[in-house]
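Chemist: What shape does this take:
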Amino acid sequence: MIPTRTEAQRLLTEAESCNPGQWGDHSRVAAHCAEKIAAACDGMDAEKAYVLGLLHDIGRKFGVSHMKHIWDGYTYMMSLGYEEVAKICLTHSFSIQNIHDYIGRFDIEDDKVRELEQALAATEYDDYDRLIQLCDSLAGSEGVLDIEERMNDAKRRYGSYPQEKWDANLRLKTYFEKRAGRDIYEVVEKE
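Modeler: Presented below is the predicted three-dimensional model:
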């Protein structure tokens, strides 16, 4: 189950009032990209993609964090009964389905890391998981970015970026370009 577009927008606005920052605009850009790409792909629901993109980082409502935003988003959405959004909160940072490939600090307790690790391992990715992973790699707070530019930014901020994750993100871009039948930057209306 997922919220309506209006409810998702309300949830994001409320979350931003708790923890203002660029993450809200990043989420809006990710939602824009997700909606456009899904609309270009047969069998995908653009409205659902928009909502999932908008709420993928909703865990940031609870403060500035790294791994903790995944935990917070996952548990928050589960508490509201939005299991599909909770799944996206869990999977969006893991184009390689391995919690130890996370870029950033593990700023939650070990038992929560283990719980996330088990949940991630038990998750079967679908095209919505892959789509939001891609859109997270395209979305800056100021607009759509080149995927390599975005990954290089993360590399500068965190000191490294695993090559396997880099390659996985580029494969996602290629996958959705094939599904959409055109360049992904054209689909998302990158300026």
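Chemist: Quick one: residues contacting Lys36.
Modeler: Taking CB atoms under 8 Å, 6 or more residues apart in numbering, we find Lys36 in contact with 46, 187-189. In short, each C-beta sits where N, CA and C put it, glycine included.
Chemist: Identify the residues contacting the spatially closest residue to Asp136 that is not a sequence neighbour.
Modeler: Once its chain neighbours are removed from consideration, Asp136 has its nearest residue in His92; the separation is 5.3 Å (CB to CB, 6 or more residues apart in numbering). Under the criterion of CB under 8 Å, 6+ apart, the contact partners of His92 comprise 56-57, 70, 129, 132-133, 136.
Chemist: Check Tyr74 too.
Modeler: For Tyr74, the contacting residues are 59, 86, 89-90, 116, 119, taking CB under 8 Å, 6+ apart as the criterion.
Chemist: again with Tyr76
Modeler: The contact partners of Tyr76, by CB under 8 Å, 6+ apart, come to 58-59, 61-62, 86, 89.
Chemist: which residues of the protein fall in helices?
Modeler: Taking DSSP state H as the criterion, the chain contains helices spanning 5-18, 23-40, 46-55, 67-79, 83-91, 110-122, 127-138, 147-158, 163-180, 184-187.
Chemist: mean pLDDT lowest for which of those?
Modeler: Of all those, the segment with the smallest mean pLDDT is helix 147-158, scoring a mean of 91.
Chemist: So Val113 sits against His66, correct?
Modeler: No. Counting by CB atoms under 8 Å, no contact exists between Val113 and His66, whose distance comes to 11.6 Å.
Chemist: In space, not sequence, find me the middle residue of this protein.
Modeler: Centre of the chain computed as the mean C-alpha position; nearest residue by CA atoms, centre = their mean is His92, 3.8 Å away.
Chemist: Quick check: the gap between that one and Arg182.
Modeler: Distance of His92 to Arg182, computed by CB to CB, to the nearest Å: 24 Å.
Chemist: okay, now Leu172: neighbour count?
Modeler: Here the count is done by other CB atoms under 10 Å, and Leu172 has 22 residues near it.
Chemist: nearest residue to it other than its sequence neighbours?
Modeler: Sequence neighbours aside, Leu134 is the residue nearest to Leu172 in space, at 4.2 Å (criterion: CB to CB, 6+ apart).
Chemist: Now do the contacts for that neighbour.
Modeler: With contact taken as CB under 8 Å, 6+ apart, Leu134 is in contact with 33, 37, 147, 169, 172-173, 176, 184.
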